[in-house]
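Student: Here's a sequence, model it:
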Amino acid sequence: MHMMGVCLVTLLHELSHQRGPGGWTEALAVLPISVLHGASLIANNSALVHGGVAFVSMVGANIPFIIFILELCRGKSANDFLCTVSVLLVCAGSISCVSGEMSPSWAAFLLTSLSAVLGSIRFVWQHDLVKISLAPMRMVFWNGFWTLLITIPMIAWKERNQLGSLFEASRSVKISLMMSVLMATVLNISQWLALKRLGALLQSIIGNLNLILVIALSQFYLHERVTNSQYLGVMLLGLGTFMNKARDLAQKPELEVLSSKPLTPRPM
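Tutor: Below is the predicted model of the structure:
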């Protein structure tokens, strides 16, 4: 349902601008990313069966560390002091959050870790693709299209005896489903657009700030207990995020500032 919503919105956007979803060259370029996306979604959703929302979100917060290692191995990231410290703070915050969990589940931990690794590879690969793409919305469409095709057979096999239960669900469940489709559509579109501007590492670090909202909602809405260690972890995540952003701003070339100034001709 999430991917159907993404496909529908992006297709309508492209048609409204008198463009189509693009050719098969773009579609095949996005296919490996969609495979990783689909596998990551399945692993993350399976983890939610075995663990709480806060626990799964906190384990998944280690994505910046995995992306940092991947980019170092590929020679795409500078191993400077501020970058290393900010990533270590993010990881320390994640560990603190997980260690504060009252009843951790190994199944949830392993499935979320798998989802984080697959998602990290996807972010790095996705950034390489979107940098050279002139139509991010078409990339979003094909990602949703392939992910939909990949997940439908798995869902049909796994949930073959439960597919009819949606029609019998309560009104509140259906409303929750529709709201989740809306949120997933906004998330997928904004993710691709932000990735082009921020890069894989910075986007994943900033994305970890959602843990603050996750903890608040899990405590007040789902009545999950949040410990002092987890509050400390969120503070470290926030500090690491802002430190990385400060580093990114400090390393902007001075030429960009100079290029914005008007040039005055020299006197002859």
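
Student: where in the stretch 151-268 of the chain is pLDDT low?
Tutor: Across the stretch 151-268 of the chain, the ranges flagged by pLDDT under 70 are 163-164, 196, 200, 208-209, 211, 224, 245, 248-249, 251-268.

Student: Helices along that one, start to end?
Tutor: Taking DSSP state H, counting those that start in this stretch, the helices of the stretch 151-268 of the chain run over residues 171-198, 200-207, 210-220, 228-250, 254-259.

Student: Pick the most deeply packed of those helices.
Tutor: Greatest average neighbour count among the helices of the stretch 151-268 of the chain goes to helix 200-207 (a mean of 23), per mean count of other Cβ atoms under 10 Å. Heads up, the C-betas are built off the backbone N, CA and C, glycines and all.

Student: and that one with helix 171-198, angle?
Tutor: 140 degrees (axes from the mean of the first three to the mean of the last three Cα atoms, to 10 degrees).

Student: Could you name the helices and strands sitting against helix 200-207?
Tutor: When contacts are defined as 3 or more Cβ pairs under 8 Å, 6 or more residues apart in numbering; DSSP states H and E, helix 200-207 packs onto helix 63-73, helix 81-99, helix 106-131, helix 171-198, helix 228-250.

Student: Just send these back as JSON lines, with distance to residue 44 too.
Tutor: Converted to JSON lines, the helices and strands packed on helix 200-207 look like this (distance: least, Cβ to Cβ, whole Å):
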{"stretch": "helix 63-73", "distance to residue 44": "11"}
{"stretch": "helix 81-99", "distance to residue 44": "15"}
{"stretch": "helix 106-131", "distance to residue 44": "4"}
{"stretch": "helix 171-198", "distance to residue 44": "12"}
{"stretch": "helix 228-250", "distance to residue 44": "18"}
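
Student: Determine which of those helices approaches residue 31 most closely.
Tutor: Of all the helices and strands packed on helix 200-207, helix 106-131 sits nearest to residue 31, with 10.9 Å by Cβ to Cβ.

Student: Average pLDDT for that closest one, rounded please.
Tutor: Average pLDDT, helix 106-131: 82.

Student: Equivalent analysis for stretch 81-97, please.
Tutor: 77.

Student: got the buried residues for it?
Tutor: 83, 86-87, 89-97 (16 or more other Cβ atoms under 10 Å).

Student: Quick one: those residues as TSV, columns for distance to residue 138 too.
Tutor: Shown next, in TSV, are the buried residues of stretch 81-97 (distance: Cβ to Cβ, whole Å):
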residue	distance to residue 138
83	32
86	33
87	32
89	37
90	32
91	35
92	39
93	36
94	34
95	39
96	41
97	37
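
Student: and which of the residues you listed is nearest residue 32?
Tutor: residue 87 (25.6 Å).

Student: how much space is there between the closest residue to the closest one other than its chain neighbours and residue 236?
Tutor: Closest residue to residue 87 in three dimensions, ignoring its sequence neighbours and counting by Cβ to Cβ, 6 or more residues apart in numbering: residue 68, at 4.7 Å. Residue 68 is 16 Å from residue 236, where distance means Cβ to Cβ, to the nearest Å.

Student: repeat for residue 28
Tutor: With Cβ to Cβ as the criterion, residue 28 and residue 236 are 41 Å apart.
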